[in-house]
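Engineer: Task: produce atomic coordinates for the following.
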Amino acid sequence: MTDRTPHHAAPVHAASASVNPVALRLGYAGLIPFVLGAALVWLVREDAHPYVTDGLSRYAAIVITFLGAIHWGLGMRQTIPSPTPFIWGIVPALLAWIASTMPPYAGLVIEGFLLIACYVADRKLYPSLGASAWLTLRFRLSAVAALSCFIAAQGT
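Structural biologist: Next up, the predicted model:
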């Protein structure tokens, strides 16, 4: 009997082994509006510029709100719920809402820093909530999204 296991297969990173492949693809697809928005800020005519920056800022605010909401879902899974995930879960939404009402040169910078802050908080809280496997993906997505916000803010 011969071994039919491919010897050229790439090793699976332990942190990504339990990340749902659909979530992985959708997470990366979710970067398209960030990257496209950041590029368009530099490419569109002046009359279209406010629409691009406003759209990117609103999308960033929605994503930041989503990142906070994940903590509610994780908190609801706890046997003895701690208030921490619920309290933290609303903070990004409130701050992103404020940032999305600001001029893009300031709001997009704040949203970029909020994306980083959400990752830093997740790095601390995810292990206690049983979600450590998602941190590698979270880092990659947060880095690209935050960088996109900073690049777009520079173009305003």
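Engineer: Now do the buried residues in the strand or helix carrying Gly107.
Structural biologist: Element membership of Gly107, judged by DSSP states H and E, is helix 104-125. Within helix 104-125, the residues that qualify as buried are 104, 107-112, 114-119, 121-122, 125, counting by 16 or more other CB atoms under 10 Å. From N, CA and C alone the C-beta is placed, and that goes for glycine too.
Engineer: same thing with stretch 67-78?
Structural biologist: So, applying 16+ other CB under 10 Å, buried residues of stretch 67-78: 67-68, 70-71, 74-75.
Engineer: what does the helix holding Gly107 rub up against?
Structural biologist: Residues from elsewhere that reach helix 104-125 (CB atoms under 8 Å, 6 or more residues apart in numbering): 50, 53-54, 56-57, 60-61, 63-64, 67-68, 70-71, 74, 84-85, 88, 92, 95-96, 98-102, 131, 134-135, 138-139, 142, 145-150, 152-153, 156.
Engineer: tell me the average confidence for it?
Structural biologist: Model confidence over helix 104-125, given as mean pLDDT, is 96.
Engineer: mind listing what's buried in whichever helix or strand comes after that helix?
Structural biologist: Beyond helix 104-125 on the C-terminal side, the first helix or strand identified by DSSP H and E is helix 135-154. Judged by neighbour count using 16+ other CB under 10 Å, the buried positions of helix 135-154 are 135, 137-138, 141-142, 144-153.
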